[in-house]
Structures are given as C-alpha cells and as structure tokens.
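Q: need a 3D model of the sequence below.
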Amino acid sequence: MASLYHYCTSETLVSILTGKTIRLSSLTMSNDSQEGSIILDVLLQMARESGLDQYTLARLETQLRRAYDFFDGLGFCLSEDGDLLSQWRGYANDGRGASIGFDSDYLRQLSGKFRERNERGFTLNKLVYDRDGQQEIAAEHFAKIKALLELGAFRSEIGTILLPTSEGDKERIKKATSDGTFAILSLMLRMFEIKSPAFAEEKEWRLVSFSTKSGEESGTRFNAGVDKIVPYFEVKLEDLGIDSISSIVLGPKHQTPLHVVERLLLANGFKNAAVSRSAATYR
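A: Residues are numbered from 1 along each chain as shown. As a prediction, the model looks like this:
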C-alpha cells in the first residue's frame, strides 16, 4: 500500500508540515467508548465457551480488567482512503481541512529506526473489524492463558484451613501467576488493533505507542483541549532518504488555492507531494 491518510484541520496540517512532527494522542480518550476494551469481551467469550468454571472465569476477568486499567495507547490515526466523506465530516473540520498522505513504507522504516536505537517509538497496525479476525487475535494467546489458569494462575497461595496449600503447590501457583500476568500483558499489546464493525468504513490503520495510566514515560506530554487534557507523544519525521509525505488532499469546503499549499510544502522541504482537491460535492 503506497499511502495512508491522516484527516485533520488546516491548523494541524500547517503544524505537521512546518514542525515535521506528528502527535500520537490518547486512544482511550477518543470518540469510541469501546476503544481498547473489545479484546476483553472477545477473550472472555472464548473462555466461557471453553468450559472454564465460574470461579476461574472470575479470576481471569479480574486480571484482564486490571491489565486494561494499566495500559493506555497513544495513536495517530490513518485511513486507506484519502477522500472519504465521513472522515471529512468527523475529523477535518466538516470538510474544511485536509488529508495528508503518508508513505506507508516510510512509516514502517521510521518505526524500525526507533527499534534499532532501542528508543520509545511506535508500531504501524491495520485495524481488525470483523469478529473472525478478532477471535483469531485472541486465540493466539488464549490457549496459553487457559493452561496457566489450570495450573493455578491468580489463585490464592494460602489455601484454606481445611485444605492448606503445600509448599510445592505455592511455587506452582506463584510461577503460573507470573507467567499468566506476562501472557495477559502480551495479549493487551494487541488491544488497539481491534475496533467495532460500526467503524469499518474508516478503513483505519494507526501508529501506536504504549503508555501506562500511572507511569511517567519519557516523552509523554499533555495538551489542553476544550473539555479535557489529553496525553500525547511526539514523533519527528526523520530524513530516511524517502519522502514521508506523498500527497495532500484538500477537503470539499477548503478554500486555499492549490499553489499556496504547494508553496507551503516546498518551503518546508516536501518536494514531491502532489496536491489535489476532494472529489466530494459536499458543501
């Protein structure tokens, strides 16, 4: 895939071009109230269908909710379609903004650079909307989690007065719990790759950098909105020898002459990005 498009206001367009940076903002504070949580429902349904007893299911759900409450994702949202009416309405000031076409190969290479330097960076993920695909993601982790639950993961190591836990059982439960915690955290790293089918038209991809809701990760900043303060992580568009931005599409209500946007691009070193207008007749 050549380009992925970020819909934004004119102000954000100018900010990205002049600053050569993009912001990955809190996903759990987005307009989707289910953001990040669908994977819990998918895995719990899988657990119920597997025959786990109610006590074990309760232990599993408690740990899943704790993991969900621990993580936040900071994301930069993109679409496969650079001229989509619903996107213009929802994310580009009702068609007055623009969509920025980012070269997908560039984004993958930039992600790799962060990994090579062992720095905080991001992954590029295509979102999964269909139930079968979501179950496939959960199934990759469920078998291991179920086996660890059967070994005693997340059970009390104390036991009861009538049935105290032996030293051998305590060690087994302790190890299963440690391994189970890691397995659940590994699952939760996929939490922002799943979204409700209601959003499927958006054909979304996203850059994701993980954060913790109680931590102080290096690089996390905060932006004041109208009614909330949103954490974000800033990523510099480094020179990798290929163009980071391939195109700009102006929204159906955007009034700037094309040559002005072309000059803006050239003034900031973006020499090969094509500029066009939306084909939508929305007004």
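Q: what are the buried residues along stretch 19-33?
A: For stretch 19-33, the neighbour count (16 or more other Cβ atoms under 10 Å) marks K20, I22, R23, L24, S25, S26, L27, T28 as buried. In short, each C-beta sits where N, CA and C put it, glycine included.
Q: pLDDT averaged over that stretch - what is it?
A: Mean per-residue pLDDT for stretch 19-33: 90.
Q: and it, how far apart are its ends?
A: Terminal residues of stretch 19-33 lie 31 Å apart, using Cα to Cα, to the nearest Å.
Q: give me the contact list for it.
A: 6, 15-16, 35-36, 72-76, 90, 122, 192, 195-196, 199, 206-209, 211, 223, 228, 230-237, 268-269 (Cβ atoms under 8 Å, 6 or more residues apart in numbering).
Q: if we go to 6 Å?
A: Contacts of stretch 19-33 with the rest of the structure, by Cβ atoms under 6 Å, 6 or more residues apart in numbering, involve 16, 35-36, 72-76, 192, 207, 209, 230-237.
Q: and what of stretch 258-277?
A: L17, T18, D243, I245, S246, S247, I248, V249, L250.
Q: mind saving the C-alpha coords of it as CSV?
A: Extracted C-alpha coordinates of stretch 258-277, given in CSV (Å, rounded to 0.1, in the frame of the first residue of the first chain):
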residue,chain,number,x,y,z
LEU,A,258,-3.5,24.7,-4.7
HIS,A,259,-0.4,26.7,-5.5
VAL,A,260,-0.4,28.1,-1.9
VAL,A,261,-0.3,24.6,-0.4
GLU,A,262,2.4,23.6,-3.0
ARG,A,263,4.5,26.6,-1.8
LEU,A,264,3.9,25.6,1.8
LEU,A,265,5.2,22.1,1.0
LEU,A,266,8.3,23.3,-0.9
ALA,A,267,9.1,25.9,1.8
ASN,A,268,9.4,23.0,4.3
GLY,A,269,11.3,20.6,2.2
PHE,A,270,8.5,18.4,0.9
LYS,A,271,9.3,18.5,-2.8
ASN,A,272,7.4,15.5,-4.3
ALA,A,273,4.0,15.7,-2.6
ALA,A,274,1.0,16.0,-5.0
VAL,A,275,-1.8,18.5,-4.1
SER,A,276,-5.4,17.9,-5.1
ARG,A,277,-8.9,18.6,-4.1
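Q: list the buried residues of that stretch.
A: Residues V261, L264, L265, F270, A273, V275 are the ones in stretch 258-277 that count as buried (16+ other Cβ under 10 Å).
Q: return the subset of the residues you listed lying in strands.
A: Judged by DSSP state E, strands contain the following of the buried residues of stretch 258-277: V275.
Q: you'd agree S99 is up against S10?
A: No - using Cβ atoms under 6 Å, S99 is not in contact with S10; the gap is 11.7 Å.
Q: those two: which is more packed in?
A: Neighbour count, other Cβ atoms under 10 Å: between S99 and S10, S99 has more, with 28 against 18.
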